[in-house]
Each structure stands twice: as structure tokens, then as C-alpha cells.
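quick check, what structure comes out for this input:
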Amino acid sequence: MFRSIRTRIIAATAGCLAVALLLNTIINYQVTRRDNLQAQHEMLVSTRTSHGMAISDWVSSKMAVIASLDNVALSDDPVPQFLQMARAGGFSNVYVGYASKTAKFSDPTGVPADYDPTLRPWYQQVAHDDAPVVTAPYVDAGTGKLVVTFAVPVKDNGTLKAVVAGDVTMDNVIANVREIHPTPASSGLLLNNDGSVIAASDPALTLKPFSQAISGVSLSALARGDTVQGALGGSNKIFSAIPVQGTHWLLVVALDHQDATSGMNALLKASLIAFIVLMLVGGGVVHLLVAAMLKRLLTIRDAMLSIGNGTNDLSQRLPENGKDEVSQIAHAFNLFSDKLAQVMLQLRDATSSVQTAQGKLPPVTATFLCVPSRRPPACVKPPAPWSKSPPPFRNPLNPPPPPARRQKKPPKWRRKAAAWCPAPSTPCRPSNPHRRKLVISPASLTVLPSRPTFWLSTLPSKRPAPGNRVEVSPWSQVKCVILPAAAPRRQKRLKP
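Predicted coordinates:
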């Protein structure tokens, strides 16, 4: 698959393009993710701060109205002022409870005759905290609306004499909470200090415990102001809370996770589509460019294949357009073709000359005799050619020992040398008989250093036996090597 250079170049380029696009996608994703998290945090902070400030202002205004009645609470008839403040402040009922277990109301409808204010939660909470308080919301039995009580202590000489309180519906607060929508699927909640839900976008969650409304989130983590993830109504949300000033309430903003990460998901999808499109387009463009650049290289390949397949066409030349590497290869190929053509012409002329000279030279034969010896080498003239039957061969340099007398063992230096004498006129005793090679031709004699090896023939693989004759043509070459002689043994007469 990756045997051709074009395929490798395309694969390498596509791989580099894929890696570059992948790195670019990862970097863009990380940068976008960091910016998105920062934007989420800023959105949560701004939303909870603005709505929390609105609820805090509402609480402060109601508390100021009730606190303004502490001067008239100990008067003989504070009810007219209570009625005026109830209409001005939007209270459903304004009243005062005395330490003597009596009470006065702006609207005494439904109040029993034995009503003891000191046993009511709002009175006991003020007495315990010794400060203005906002009670936990509750559902009014008459109207069915969520009501909260604002209570202020009234003291005389440091002694608690009475508690002025006012009930007000939380319609404005609930409306404020339900307007919390930083994203279409996001919402807000108002929690009490015990985790119960005061107000939420879903009316069914009102006064529900925290564990039934929100899952996967700790109330203490929200109270610390941490941003945590959990589930609300079966959807993943990002929660962030802020306490409401002057109350024990906690305003929570639930940011929908899918809405918050929709931009990142869109970016990933766009990056994936761009990755696929760019890979296809880039691969096609690279394929066309590489094919155009390597077209001349394919031409060179085809030309060399045509020469190698036996067309014998050495006149082919390649265009040398351009200055790139392919043009240099074409130029080198043209030079090679020119040189090869010249060599072939010279070879043809030389072959013709050799054939002509061979036909003009007469045949010449030289005879050489292989003579083993135990004594120092000496040149021996070969016997004259015979016509009918050759005489028995006698070696004058190594005669056989007498049968009755045992021949004495020759010296070591004599046993290590043997001479191969091409002609009587050739000097036969080299200075070092163990390291000389005689290269002999009919016209000249050369002495060359060599290992003590042996061959004497026009064919190096054949080794002549002692006494054999070697036919040498005038244009052939014979190598004669000095060898260590074998141990002295009785010589047999060789037959011609």
C-alpha cells in the first residue's frame, strides 16, 4: 500500500494535516471551555446578585414599615396607625403582642378571644434573638397564599414590652424568583435555612424539603457559595447560591447544563465537520499536486524499464525542464545514456579488432614440463618431441634411490620447494621459493609475490599432475606457482 513514493507523500501530508487540525481543535476547545466556564460563573454571579438584591430590598422595605410602628405600639389605641400602614405597605394584617399576653390587630377577623401572642413563633423568635426577624413562610389558611411575618421588638428601659408584627404575602418574592431565567431552561429557587423550598419555578416544590427538590447537592456547599452540579427536576443543573440580607433565606440559581455547554457542543460539531471536509479537500489537492510533480519521475522509470527489458533503444532522452530534483535526475539519465552509447560503440570496435587480429595470427604451441624435485629448483629442458613412441620418462633431478640402500632424509629447505620451469632460459632459483608466483606468457616472464598455492593451466580449477604437458597458445597466460614439496618418496616413472 505504501510502496510508492507518491502514496507515502500523500499519506504523510494527510497525516500532518490531520494532526494540525486535531491540535487546532483541541486548543480551540480548551480556550472556549475556559471562556465558557468564566462566562457561566459571571452569569451565575450577576443573576443571583441582582435577584438577591431585589429580594433584600423588598425585605428591607417591609421591615422598615414595621419598625416605624414601635413608637405607637405602646400607645392606648395604635390600631388606626396599623390600618394606615397595612394599606400603605401591602400587609394583610398588622398587629402588636404585649408581654401581658394581650394583642391588638388591624384586622381582628378570625382571632380567638383567648389569643396569647407570647406563645406564637414570631413572638418567641424576637424574644430569643432580641432583634427584628423574618419568620419562615407559611400558607395562610384563609387565602391559601404563602405568607411571611416581619416582627420588631418594642422595649422600654431595656425590657421587652411588646412585639410589633405584620403579615405580608410573598407574591412579589415568588414572582421575582420565577423570573430567574439566565437561559431558557434555567430557573431559580428560594430556600429557607433548613433547606425547605420557599419559592420555585415549579409551584409543586413549594415548602418541599431540600432532598426532594434537589439531588446530588449538599446544602452546606450552597451556603458556602460554591458552584456545584446536581439535578433538578430530572435535568442536570449548575447551582450557585447567595444569602438574602436580613433573612435566613438562600437564593439559588439553577443554570441548565445543556444550555450552558451548547456553544461548546456546537463548536465541536463544527470542528468535526471542518476536519472531515478539510481532510477530503486537502487529500485531493495533495494527490493532484504530487501526481503532477512526480509525472516526470514516472517517465524516467518507464524509460529505464524499456531499456532494461531489451528494446536496445539508447537514443531515448528525457526533458530537462525546470531546476528541481526531477530535472537533475533527467539530466543525469541523459548523460548516462550518452556515455553508455559511447561505451557500446567502443566495445563494438574493440571486438571487431580482436576478431581481425585473431584471424591473422598463426597458431603457436609451447610445451612445458612439470618436474617435481627434492633439491633446489633447476631448469630442465623438456625432451624433444617424439614421432612414434615416446621414450620412458626419467627425471634427472630426482632419480629413484637404490633399492638396497635407504636414502637419507633431505634437508628441510629442499623439501619445501619445487620448480616449475617454463623454458631452459628461465632463471629457476628464486630467492624465496615459498613466496613467489611466476606468471608466464610466451612473450614475457613476471615474478609476483603470492601464497604457496598451486595451479598451472588455462583453467584455474584444474591442477596438472607431475609430468603432464600443458599446451599454451601465444595469446593465453599460464601461472606457475612454487609449492612446498611433499615428503620424499619413491618416484615412479610416469608414462607419457
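
contacts and neighbour counts: CA atoms only from here.
Will do.

relative to D156, how far out is S315?
Here the distance between S315 and D156 works out to 128 Å (C-alpha to C-alpha, to the nearest Å).

also M63?
For M63, the distance to D156 - C-alpha to C-alpha - is 20 Å.

now W249: closest residue in space that isn't a chain neighbour?
N192 (4.6 Å; C-alpha to C-alpha, 6 or more residues apart in numbering).

burial check on the one you found, number of neighbours?
21 (other C-alpha atoms under 10 Å).

now do the contacts for it.
Counting by C-alpha atoms under 8 Å, 6 or more residues apart in numbering, N192 touches A136, I198, H248, W249, L250.

okay, and the helix or strand of the protein with the least pLDDT?
Ranked by mean pLDDT, DSSP states H and E, the weakest helix or strand in the chain is strand 445-448, scoring a mean of 36.

would you mind confirming that V177 makes contact with L191?
No - between V177 and L191 there is no contact under C-alpha atoms under 8 Å: 10.7 Å.

overlap in contacts, the two.
Shared contacts of V177 and L191, counting by C-alpha under 8 Å, 6+ apart, come down to A199.

picking up where we left off before, dihedrals phi and psi, the residue nearest to W249?
phi -80, psi 170 (degrees, to the nearest 10).

what is the burial count for A113?
9.

and for V163?
Neighbours of V163 under the rule other C-alpha under 10 Å: 29.

what's the answer for the one 4 residues further on, then?
As a burial measure, the neighbour count of D167 was computed by other C-alpha under 10 Å and equals 22.

before we move on, what about T135?
By other C-alpha under 10 Å, neighbour count at T135 equals 20.

show me the contacts for F336.
Counted by C-alpha under 8 Å, 6+ apart, F336 has zero contacts.

meant to ask about D171, not that
For D171, the contacting residues are L146, by C-alpha under 8 Å, 6+ apart.

going forward, the N-terminal residue is numbered 781.
Shifting the count to begin at 781 puts that one at D951.

ok, now how distant is it from K925?
8 Å.

any idea how far the closest residue in space to K1017 that isn't next to it in sequence is from L1127?
With C-alpha to C-alpha, 6+ apart as the criterion, K1017 has its nearest non-adjacent residue at 4.6 Å, and that residue is D1036. Distance check for D1036 against L1127: by C-alpha to C-alpha, it reads 91 Å.

the stretch 931-1080 of the chain: helices as residue ranges?
Secondary structure of the stretch 931-1080 of the chain (DSSP state H, counting those that start in this stretch): helices at 951-958, 990-993, 999-1003, 1037-1040, 1042-1073, 1075-1086.

list the buried residues in the longest one.
Along helix 1042-1073, these residues count as buried under the neighbour rule (16 or more other C-alpha atoms under 10 Å): 1044, 1047-1048, 1051, 1055, 1058-1059, 1062-1063, 1066-1067, 1070-1071.

one more: the fourth one?
The neighbour-count criterion (16+ other C-alpha under 10 Å) identifies H1037, Q1038, D1039, A1040 as the buried residues of helix 1037-1040.

pretty sure the first one contacts G1014?
No - with contacts defined as C-alpha under 8 Å, H1037 does not count as touching G1014, sitting 11.9 Å away.

which residues in the stretch 781-930 of the chain form helices?
785-847, 859-869, 901-909.

Throw these into a markdown table and include distance to V1024, mean neighbour count and mean pLDDT, thanks.
Listed next are the helices of the stretch 781-930 of the chain as a markdown table, based on distance: least, C-alpha to C-alpha, whole Å; neighbours: other C-alpha atoms under 10 Å; pLDDT from 0 to 100:
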| stretch | distance to V1024 | mean neighbour count | mean pLDDT |
| --- | --- | --- | --- |
| helix 785-847 | 6 | 16 | 89 |
| helix 859-869 | 20 | 17 | 88 |
| helix 901-909 | 18 | 17 | 90 |
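
between these, which gets nearest to D1118?
With C-alpha to C-alpha as the criterion, D1118 lies closest to helix 785-847 of the helices of the stretch 781-930 of the chain, at 27.8 Å.

what angle sits between the closest one and helix 951-958?
Angle between the axes of helix 785-847 and helix 951-958 is 170 degrees (criterion: axes from the mean of the first three to the mean of the last three C-alpha atoms, to 10 degrees).

so helix 785-847 versus helix 859-869, what angle?
Going by the same axes, to 10 degrees, helix 785-847 makes 160 degrees with helix 859-869.

packing partners of helix 785-847?
Contact analysis of helix 785-847 by 3 or more C-alpha pairs under 8 Å, 6 or more residues apart in numbering; DSSP states H and E lists helix 859-869, strand 926-936, strand 939-949, helix 951-958, strand 1015-1023, strand 1030-1036, helix 1042-1073 as its packing neighbours.

return the residues in contact with V932.
Applying C-alpha under 8 Å, 6+ apart, the residues contacting V932 are M843, I846, A847, D850, V906, A911, P912, V913, V943, V944, A945.

at 6 Å what do you get?
Contacts for V932 were tallied using C-alpha atoms under 6 Å, 6 or more residues apart in numbering; they are A847, P912, V943, V944.

pLDDT below threshold where in the stretch 981-1130 of the chain?
1087-1088, 1090-1094 (pLDDT under 70).

at 90 what do you get?
For the stretch 981-1130 of the chain, the stretches flagged by pLDDT under 90 are 981-988, 990-993, 995-1007, 1012-1015, 1025-1028, 1037-1052, 1054-1055, 1058-1059, 1062-1064, 1066-1130.

let me see the domain layout of this protein.
Split into domains by automatic domain parsing, the chain comes to 848-949, 1075-1133, 1144-1162+1189-1269.

can you list contacts of stretch 1024-1039?
Against stretch 1024-1039 from outside (C-alpha under 6 Å, 6+ apart): 832, 836, 965-973, 1016-1023.

swap in 8 Å and give it another go.
The contact list for stretch 1024-1039, computed with C-alpha under 8 Å, 6+ apart, reads 824, 827-828, 832-833, 835-836, 839-840, 913-914, 960, 962-973, 1002-1003, 1012, 1015-1023.

and it, end to end?
End-to-end span of stretch 1024-1039 (C-alpha to C-alpha): 27 Å.

which pLDDT does the model give the closest residue in space to V859 that isn't next to it in sequence?
Ranked by C-alpha to C-alpha, 6+ apart and with sequence neighbours excluded, the top spatial neighbour of V859 is S886, at 5.5 Å. At S886, the predicted lDDT confidence score is 88.

now T929
For T929, the predicted pLDDT is 91.

surely it and V948 touch.
Yes - counting by C-alpha under 8 Å, T929 sits close enough to V948 to count as a contact (6.4 Å).

count the residues that sit near the residue nearest to V859.
So S886, with other C-alpha under 10 Å, has 21 neighbours.

quick one: contacts for it?
By C-alpha under 8 Å, 6+ apart, the neighbours of S886 are V859, P860, F862, L863, A866, N873, V874, Y875.

for it, phi and psi?
Here S886 shows phi and psi, under degrees, to the nearest 10, equal to phi -70, psi -30.

likewise the one 4 residues further on?
Backbone dihedrals for G890, given as degrees, to the nearest 10, come out at phi 80, psi 0.

try the one 10 residues further on
Summarising the backbone geometry of R900 under the convention degrees, to the nearest 10, its torsions are phi -80, psi 150.

grab the nearest non-local neighbour of Y875.
F885 (4.2 Å).

from F871, how far out is that neighbour?
The spacing between F885 and F871, counted by C-alpha to C-alpha, is 12 Å.

which of these two has more neighbours?
F871 (24 against 19).

now do the more buried one, the pLDDT please.
Reported pLDDT at F871 in the predicted model: 89.

and the residue lying closest to it once chain neighbours are set aside, bridged to which residues?
The shortest distance from F871 to any non-neighbouring residue, by C-alpha to C-alpha, 6+ apart, is to V948 (4.6 Å). In this entry, V948 is beta-bridged to V928, by DSSP bridges.
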